[in-house]
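Asks: sequence first, predicted model second:
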Amino acid sequence: MVVDDNVEFAQLLGTLLHEQGFRPRLCHSTAEAEGILREQEVHAVALDMLLPDLTGKKLVQRLKPLLEDRPLFVMSGVFKAMSHRDPIEALRPVAGWFDKPFDTRVLEGQSEEHTSELQ
């Protein structure tokens, strides 16, 4: 699942993941993400840290019970410093951090690394 309020970016990321053999679900708010996590099978989550309705630590706190043991990939153009990452890592292990903009080859490598967990 891709959670990003930037519709065009979410679609681009969804296309890249689809080309790797995944079937990503796209959503653009915390509420949409909660609904999908409750109602559909999701193997991993790529989560933007700056959504209009929640950001950063509060966002991860809210979704944590629904994430269970799914790999969490965090994307952000703002939360780049370790001081922003540590509180999130303390709440929930993160499988990969992506600073926007990011090289798509990095995404491909991270998703390949977790392929067995995602399928």
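Replies: Everything's here; your move.

Asks: ok, which stretches of the protein are helices?
Replies: Shown for the chain, the helices assigned by DSSP state H span residues 7-19, 30-39, 56-67, 82-91, 104-113, 115-118.

Asks: I'd like to know which of the ones you listed is closest to M1.
Replies: With distances scored as C-beta to C-beta, the stretch of these nearest to M1 is helix 30-39 (5.9 Å). For glycine as for every other residue, the C-beta is placed from the backbone atoms N, C-alpha and C.

Asks: elements contacting that closest one?
Replies: For helix 30-39, the elements it packs on are strand 2-3, strand 26-27, strand 45-48, helix 56-67, judged by 3 or more C-beta pairs under 8 Å, 6 or more residues apart in numbering; DSSP states H and E.

Asks: with mean neighbour count, distance to V74 and mean pLDDT added, can I get the helices of the chain in a markdown table?
Replies: Shown next, in a markdown table, are these (neighbours: other C-beta atoms under 10 Å; distance: least, C-beta to C-beta, whole Å; pLDDT from 0 to 100):
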| stretch | mean neighbour count | distance to V74 | mean pLDDT |
| --- | --- | --- | --- |
| helix 7-19 | 15 | 13 | 91 |
| helix 30-39 | 16 | 13 | 94 |
| helix 56-67 | 16 | 8 | 88 |
| helix 82-91 | 13 | 7 | 77 |
| helix 104-113 | 14 | 11 | 66 |
| helix 115-118 | 12 | 16 | 50 |
